[in-house]
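Chemist: Here is my input; please provide its structure:
(one chain, ligands or ions: 1)
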Amino acid sequence: MAMGQYGFWNKILHVDLSRRETRIEEPGPAFYRHYGGGRGFIAHFILKYVPEGAEPLGPNNVLVFAPGVVTGAPVPGAGRHSVGAMSPLTGGYGEAESGGYWGAELKRAGWDAIVVHGQAETPVYLWINGDAVEIRDASHLWGKVTGDAEETIIEEVGDSRARVAQIGPAGENLVRFAAIGNDLNEFAGRTGMGAVMGSKKLKAIAVRGRTPVPMADQKVLTGIAKWVSSTMEQNHRSFHEFGTGDNMQGKSLQGGLPALNYRLGQDENVGLIDARAIRDQVRQEMKACYACSVRCKKVVRIEQSEEDAHSEKGERIAVDPLGRYRVDPKYGGPEYESLASLGSNLGIQDIVAVCKSNEICNYLGMDTISAGATIAFAMECYEKGLLTKEDTGGIELNFHDPAVVVQLLEMIGHREGYGDLLAEGSQRVAERLGQGSEAFLTTVKGLELAMHDPRQAAGMRGSYLLAPTGGDHMGQHDTKGGMRNVVGMCHFLRYDEQQTLDILNAATGWGVNQDDYFELARRTATLARLIDVRSGFTRKDDAFPARFHEDLPMHKGVTAEQEAAIVEEFYGRYGWAIDTGIPTRTTVRALGIEEDARTVAESLPD
Ligand code: SF4
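Modeler: Numbering: from 1, shown residues only. You can find the predicted model right below:
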């Protein structure tokens, strides 16, 4: 390590699965300052290695695992990493973030990122034990659900403290919204990164590290960690107590709860499945991510019969009153997005079934948002008669039926029967179905919207319209949200702007200010935008589908004028042409990304 180098190791691992080779890239400190990590790394490597028009599930896509320069710092919220590639769901820039421990473990192993190239001929997994990297056979793991695969991998590597990121059967079967899970209950869920991993026949990456990343100013980080603990009551009490989803009743009262494919905005029975109901009825405990005292991750446990209603310690365990399902605590529990997408948006008021649906998505490795939204779309098509029992192989796709949802999720993950088409995501189903079914879509750029209705939650509009990934709620379009995805920091921590900068500077020693921070946000967003431009997205794709132009009982639909105002303000601020949304040459030059932009240079306006 060079003197004064903090927050990263200057070591990026490239793995070529076609050639079964690995190599180490040492890009130098300026690279880290320029790209930051997360989205910055992902977009850089896509532009560098993936040719225009490459098939996302083909050998020319790269899959990038990218923590940020803050990931692994000893401070709450620093356990995040991003995964990115060209998306098989949207055809454009793909990226998803995850928490837990895996990203920090990768940093502790001495790596800043992994870039996976090519495709293996037969299933493999990676075992990264500090410096040592092995490509191992995974034929015996192919087809296993995530819990079983992790158990086998941990046994094989002989280290119970190894952390595993992996795909389940959904990724192997190239479900277009397959996710990459880590620590069994954390997911890089959005945009189908699990399908890219499946196309590379890469089942898992197990990693073990023993060396903390050097920090520039440990004292500042210790102070901030203490601040989080000492202000838990004011700042993070609700997260600590419930995780996400404690205010679903409030959302319903405000008329913004996704219900029956985003048609109603309200569900008077949502209290049956919200985070309060989870706490009171089926929760076993709350768990944390790396270095985080907030502990906001739900763990639910449900047994099928009264006979199993007591744990080894004699504690009472929840039982499915209908004796249908068992829910294994190793898969965590549903957060808000899953409670809404697998619950209220499908008209499901059965807490056990919602927990089961969440568990299925976790052991098969699927994004709960896109899975639920695709089922909701199909159910509305069925309700309107565009789909019939003949199409679905005899399944009645009715809202309010938990057994059908559970059945469909398994069918999607295994691409069985009608599940094979649903595994393509709602936009492709609509293209196949025609008959005006696109009126029921809830997608932007092909990605199903997260569970915050933009008609009520006006603050989400910009994220959905302008995130390079499509209908994404992670604030990827703005400085605060987007930057947390770059440097590797959880969105739930209530750090103000100064604290966020303090963490970044204490980790790296860079001494950046707000302007530098905004420039990094603008650079990484512009890189991702260039990929979307190259993929054929235009200004008209920065728009909501018809569903969100319709009125809700309590809220007006979003108007074209409102959309245009948001989009144009953003284009202006980021230096993209107002009429097309394409980054200008001047902007590309000012951000120092001419080399990244070379394949699209000719199409850039001045
Ligand atoms: S706030 Fe919750 S999700 Fe975020 S790092 Fe802490 S435990 Fe994980």
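Chemist: Can you give me the end-to-end span of stretch 539-551?
Modeler: 24 Å (C-alpha to C-alpha, to the nearest Å).
Chemist: just how off-centre is that stretch within its chain?
Modeler: Chain-centre distance of stretch 539-551: 22 Å, with C-alpha atoms, centre = their mean, to the nearest Å.
Chemist: What residues of it count as buried?
Modeler: Residues of stretch 539-551 classed as buried under the neighbour-count rule (16 or more other C-beta atoms under 10 Å) are 539, 541-545, 547-549. In short, each C-beta sits where N, CA and C put it, glycine included.
Chemist: which two of the residues you listed lie the greatest distance from each other?
Modeler: Using C-beta to C-beta, these reach their maximum pairwise distance at R539 and R547, which is 20.2 Å.
Chemist: tell me the secondary structure for T152?
Modeler: Recorded secondary structure, T152: helix (DSSP: H, G, I helix; E, B strand; the rest coil).
Chemist: show me what contacts it?
Modeler: 140-141, 144 (C-beta atoms under 8 Å, 6 or more residues apart in numbering).
Chemist: Please identify which of these is nearest to I582.
Modeler: Of these, the one sitting nearest to I582 (C-beta to C-beta) turns out to be L141, at 43.6 Å.
Chemist: How about the secondary structure of the closest one?
Modeler: Quick answer, by three-state DSSP: L141 is coil.
Chemist: any idea how far A162 is from it?
Modeler: Using C-beta to C-beta, to the nearest Å, L141 is found at 14 Å from A162.
Chemist: same thing with R316?
Modeler: In terms of C-beta to C-beta, R316 sits 33 Å off from A162.
Chemist: Could you do E380 as well?
Modeler: From E380 to A162 the distance is 44 Å (C-beta to C-beta).
Chemist: Count the neighbours of the closest residue to the ligand within the stretch 501-606 of the chain for me.
Modeler: When scored by C-beta to the nearest ligand atom, the stretch 501-606 of the chain has I503 as its residue closest to the ligand, at 12.8 Å. For I503, the count of nearby residues is 26 (other C-beta atoms under 10 Å).
Chemist: Check the one 5 residues further on too.
Modeler: A count of neighbours around T508, defined by other C-beta under 10 Å, yields 25.
Chemist: excluding its backbone neighbours, what's nearest it?
Modeler: G7 (3.9 Å; C-beta to C-beta, 6 or more residues apart in numbering).
Chemist: which parts of the stretch 451-600 of the chain sit against the ligand?
Modeler: 490, 492-493 (C-beta under 6 Å from any ligand atom).
Chemist: Near the ligand, which residues of the chain? Just list them.
Modeler: Counting by C-beta under 6 Å from any ligand atom, the residues of the chain near the ligand are 76-77, 79, 99, 239, 288-289, 292, 294-297, 490, 492-493.
Chemist: mind checking the longest helix of this protein?
Modeler: helix 514-534 (DSSP state H).
Chemist: Now the element after that helix, going C-ward?
Modeler: helix 560-574 (DSSP states H and E).
Chemist: so that following helix versus helix 514-534, what angle?
Modeler: 120 degrees (axes from the mean of the first three to the mean of the last three C-alpha atoms, to 10 degrees).
Chemist: any idea how far G271 is from G250?
Modeler: Taking C-beta to C-beta, one finds G271 at 11 Å from G250.
Chemist: separation between the residue in the stretch 451-600 of the chain positioned nearest to the ligand and Y290?
Modeler: Distance from the ligand to each residue of the stretch 451-600 of the chain (C-beta to the nearest ligand atom) is smallest for C490, at 3.3 Å. Distance, C490 to Y290, by C-beta to C-beta: 10 Å.
Chemist: Settle it for me: which of these two has more neighbours?
Modeler: Set side by side, C490 and Y290 show more neighbours around Y290, with 26 against 20, by other C-beta under 10 Å.
Chemist: Find the nearest non-adjacent residue to the more buried one, please.
Modeler: G79 (3.1 Å).
Chemist: so who does the one you found touch?
Modeler: By C-beta under 8 Å, 6+ apart, the neighbours of G79 are 71-72, 99-101, 103-104, 289-292, 488, 490.
Chemist: What about these, which one has the most neighbours?
Modeler: G103 (35 neighbours).
Chemist: Check what pLDDT Y363 gets.
Modeler: Y363 is assigned a pLDDT of 98 by the prediction.
Chemist: L530 contacts E595, doesn't it?
Modeler: No. Counting by C-beta atoms under 8 Å, L530 stays clear of E595, with 11.8 Å between them.
Chemist: more neighbours, those two?
Modeler: L530 (26 against 11).
Chemist: Give the full set of residues in contact with that one.
Modeler: 43, 47, 583, 588, 593, 596-597, 600.
Chemist: In helices only, show me those residues.
Modeler: 43, 47, 588.
Chemist: Pick the one among these closest to E155.
Modeler: A43 (37.2 Å).
Chemist: wait, what's in contact with the closest one?
Modeler: Contacts of A43 by C-beta under 8 Å, 6+ apart are 84, 93, 524, 527-528, 530-531, 596.
Chemist: Please dump these into JSON lines; it should also carry distance to G393 and pLDDT for every row.
Modeler: Listed next are the contacts of A43 as JSON lines, based on distance: C-beta to C-beta, whole Å; pLDDT from 0 to 100:
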{"residue": "G84", "distance to G393": "35", "pLDDT": "98"}
{"residue": "Y93", "distance to G393": "35", "pLDDT": "97"}
{"residue": "T524", "distance to G393": "44", "pLDDT": "94"}
{"residue": "L527", "distance to G393": "44", "pLDDT": "97"}
{"residue": "A528", "distance to G393": "39", "pLDDT": "96"}
{"residue": "L530", "distance to G393": "43", "pLDDT": "98"}
{"residue": "I531", "distance to G393": "38", "pLDDT": "98"}
{"residue": "D596", "distance to G393": "47", "pLDDT": "97"}
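Chemist: Return the member of these nearest to R326.
Modeler: For those, the nearest to R326 is G84 (35.0 Å; C-beta to C-beta).
Chemist: Just the closest of the residues of the chain next to the ligand to A195, please.
Modeler: G99 (21.3 Å).
Chemist: If you drop the residues flanking it in sequence, what lies closest to the closest one?
Modeler: Of all residues not flanking G99 in the chain, C289 sits nearest, at 4.3 Å (C-beta to C-beta, 6+ apart).
Chemist: pretty sure the one you found is in a strand, no?
Modeler: No. With three-state DSSP as the criterion, C289 is located in coil rather than a strand.
Chemist: Quick check: it touching H491?
Modeler: No. With contact defined as C-beta under 8 Å, C289 does not reach H491; the gap is 11.9 Å.
Chemist: what comes up buried for stretch 562-572?
Modeler: Going by 16+ other C-beta under 10 Å, stretch 562-572 has these buried residues: 562-563, 566-568, 570-571.
Chemist: Correction: the previous question concerned stretch 388-403.
Modeler: Those would be 391-392, 395, 397, 399, 401-402, for stretch 388-403 by 16+ other C-beta under 10 Å.
Chemist: Quick one: mean pLDDT for it?
Modeler: pLDDT averaged over stretch 388-403 gives 96.
Chemist: can you check stretch 582-589 too?
Modeler: 98.
Chemist: If you go by neighbour count, which of the contacts of T152 are buried?
Modeler: Counted by 16+ other C-beta under 10 Å, those give 141, 144 as buried.
Chemist: Let me have the contacts of T152 in a markdown table, extended by pLDDT and distance to P123.
Modeler: Listed next are the contacts of T152 as a markdown table, based on pLDDT from 0 to 100; distance: C-beta to C-beta, whole Å:
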| residue | pLDDT | distance to P123 |
| --- | --- | --- |
| H140 | 98 | 9 |
| L141 | 98 | 7 |
| K144 | 98 | 10 |
